[in-house]
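Peer 1: Whatever this is, show me its structure:
(one chain, ligands or ions: 1)
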Amino acid sequence: MKIIIGNIKMNIVSQIERENYFKGMENCLAGKNFKNIKVVLCPPLIHLESFKNRIKNEAVFFGAQNIHEEEMGRFTGEISAPMVKNFGGDYAIIGHSERRKYFSEDNGLVNEKVKMALKNNLIPVICIGETEEERANGQIKSVITNQLLESLDGIADKKISQLIITYEPVWAIGSGRVPTSDEIMEIRILMQKILTDKFNLSLDEMPQIIYGGSVEFKNIKEVCLESGMSGVLVGGESLHPMDFIKMGEVLENN
Ligand code: PGA
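Peer 2: Predicted coordinates for the structure are as follows:
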């Protein structure tokens, strides 16, 4: 079962825009009966309940773009994992590079959030990826290894299969540039090796490993299918229901 996750980021700023989005999704999903994919939409959380109420399709699920590492309390402005779960979410993106860059999230914090998501039955979508500079310095493998191991520190072997790991090179986000399918495949193999070295996993307990960063209809075959990934995390194109669902169809049919 492949997965396509839409990270809507801080977009959809008015009732009118939201209504248009719902109409677009309704049109694109009408009569669609996906059997081989899950579609996950992660809107700003102010929209979570209305997304859940308005976008009705058996293949479509919802999630958060971030959660706090605590469940409740004096944390002004934050949203917790139980809130997301109780108001319609099943997934939480954790450690997105924009959170790491603008909100100083490090691997330790990502690790706490992953544990909090799992505790509350949210599926963590953990983002891992190197910057342009790290790539230029030949540090891709060490960066990926550290991010992955530190993010998963202390997580029980039997929980690992519930995770979704996203290889999302920072330089590919919003840039229109993507790694080659061979480069993505190499990272997938590296991640699988790190996971099997560290955790006691059988092959069918391997978490889903997906790709993110400038995914578009024109490159989805290359970045997802040719590289052997289990799905994609989509930013910009998730704002366009038609393009987004067309990409879902590619994954459904291949
Ligand atoms: P993009 O964003 O598809 O617009 O590059 C991906 C992401 O930030 O998750």
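Peer 1: rest of the way, CA atoms for contacts and neighbours
Peer 2: OK.
Peer 1: If you rank every helix and strand of the protein by mean pLDDT, what lands last?
Peer 2: helix 157-160 (a mean of 94; mean pLDDT, DSSP states H and E).
Peer 1: what's in contact with that one?
Peer 2: 118, 199-201, 205-207 (C-alpha atoms under 8 Å, 6 or more residues apart in numbering).
Peer 1: just those that are near the ligand?
Peer 2: Contacts with the ligand are made by none of the contacts of helix 157-160, judged by C-alpha under 6 Å from any ligand atom.
Peer 1: out of those residues, which one sits closest to residue 184?
Peer 2: residue 207 (16.2 Å; C-alpha to C-alpha).
Peer 1: which residues touch the closest one?
Peer 2: Residues in contact with residue 207 (C-alpha under 8 Å, 6+ apart) are 160-165.
Peer 1: again, only this time at 10 Å
Peer 2: 159-165, 192, 195, 201, 230 (C-alpha atoms under 10 Å, 6 or more residues apart in numbering).
Peer 1: Residue 8 now?
Peer 2: So residue 8 contacts 41-44, 64-65, 234-240 (C-alpha under 10 Å, 6+ apart).
Peer 1: Kindly report the same for residue 175.
Peer 2: Shown in contact with residue 175 (C-alpha under 10 Å, 6+ apart): 213-214.
Peer 1: Per-residue pLDDT of the residue sitting furthest away from the middle of the chain, please?
Peer 2: Here the centre of the chain is the reference, and by C-alpha atoms, centre = their mean the most remote residue is residue 74, at 27.8 Å. With respect to pLDDT, residue 74 scores 98.
Peer 1: which stretches of the stretch 51-200 of the chain form helices?
Peer 2: Assigned by DSSP state H, counting those that start in this stretch, the stretch 51-200 of the chain shows helices spanning 81-86, 97-102, 107-119, 132-136, 140-151, 157-160, 181-198.
Peer 1: Deepest-packed of those, please.
Peer 2: helix 107-119 (a mean of 22; mean count of other C-alpha atoms under 10 Å).
Peer 1: okay, that one in CSV with CA atoms only?
Peer 2: Only the C-alpha atoms of helix 107-119 are listed here, as CSV (Å, rounded to 0.1, in the frame of the first residue of the first chain):
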residue,chain,number,x,y,z
ASN,A,107,16.9,15.3,16.8
GLY,A,108,16.3,15.1,20.6
LEU,A,109,13.1,17.0,20.3
VAL,A,110,12.1,15.1,17.3
ASN,A,111,12.6,11.9,19.3
GLU,A,112,10.3,13.2,22.1
LYS,A,113,7.6,14.1,19.6
VAL,A,114,7.8,10.7,17.9
LYS,A,115,7.3,9.0,21.2
MET,A,116,4.4,11.3,22.0
ALA,A,117,2.8,10.6,18.7
LEU,A,118,3.1,6.8,19.1
LYS,A,119,1.7,7.0,22.7
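Peer 1: returning to that earlier point: of all the contacts of residue 207, which comes closest to residue 98?
Peer 2: Nearest member of these to residue 98, counting by C-alpha to C-alpha, is residue 165, at 16.4 Å.
Peer 1: in terms of contact, does that closest one touch residue 210 like I think?
Peer 2: Yes. At 6.2 Å, residue 165 and residue 210 qualify as touching, with contact defined as C-alpha atoms under 10 Å.
Peer 1: and the stretch 101-250 of the chain, which of its residues are near the ligand?
Peer 2: By C-alpha under 6 Å from any ligand atom, the residues of the stretch 101-250 of the chain that approach the ligand are 173-174, 212-215, 233-236.
Peer 1: Output those in TSV, with pLDDT and secondary structure appended to each entry.
Peer 2: Below are those laid out as TSV (pLDDT from 0 to 100; DSSP: H, G, I helix; E, B strand; the rest coil):
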residue	pLDDT	secondary structure
173	97	coil
174	96	coil
212	98	strand
213	98	coil
214	98	coil
215	98	coil
233	98	strand
234	98	strand
235	98	coil
236	97	helix
